[in-house]
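Asker: Predicted model follows, preceded by the sequence.
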Amino acid sequence: QVQLVESGGGLVQAGGSLRLSCAASGRTFSTYAMGWFRQAPGKEREFVAAINWSGDSTYYADSVKGRFTISRDNLKNTVYLQMNSLKPEDTAVYYCSAQRTYYGGAVPKPTYWGQGTQVTVSS
């Protein structure tokens, strides 16, 4: 069982930056691939970014490529999402996810989810 707690959301102007964090419980964090998804009002949840267990492989949605960076610190049991050049269309609840098996290069299929953190980008 993995419990995930996101933080770092908030209100930011277009063009600004935010860094989301996701703290995971348990001593097996380093064995899990991690991801970020988001859900805007009235829309389905969509993939944002993923990172493998060691942190040397990442994958991004086309909509955020070049603006967002996913990273992890296995000593701190934490995964991050650095979001730069934010746009109003990035407004959503952002969810952290975890799964054991992930080979990279594709949208992950998470086993565990966090409760989400709201990101609002004003124009």
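Answerer: Sure, I can see it.

Asker: Just give me the residue right at the centre of this protein.
Answerer: The centroid of the chain falls nearest to residue 36 when counting by CA atoms, centre = their mean (2.5 Å).

Asker: so where does that one fall, helix or strand?
Answerer: Per DSSP states H and E: residue 36 is located in strand 33-39.

Asker: Quick one: mean pLDDT for that strand?
Answerer: Mean per-residue pLDDT for strand 33-39: 97.

Asker: repeat for stretch 68-75
Answerer: On average, stretch 68-75 scores 97.

Asker: got it, and stretch 87-101?
Answerer: On average, stretch 87-101 scores 96.

Asker: Mind listing the strands the strand holding residue 36 pairs with, and their directions?
Answerer: Sheet pairing here is set by DSSP bridges, and for strand 33-39 it gives strand 46-51 (antiparallel), strand 92-99 (antiparallel).

Asker: Let's have these in CSV, adding mean neighbour count and distance to residue 115.
Answerer: For every residue, glycine as well, the C-beta is placed using N, CA and C. Shown next, in CSV, are the strands paired with strand 33-39 (neighbours: other CB atoms under 10 Å; distance: least, CB to CB, whole Å):
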stretch, mean neighbour count, distance to residue 115
strand 46-51, 22, 16
strand 92-99, 22, 8
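
Asker: Thank you kindly, that will do.
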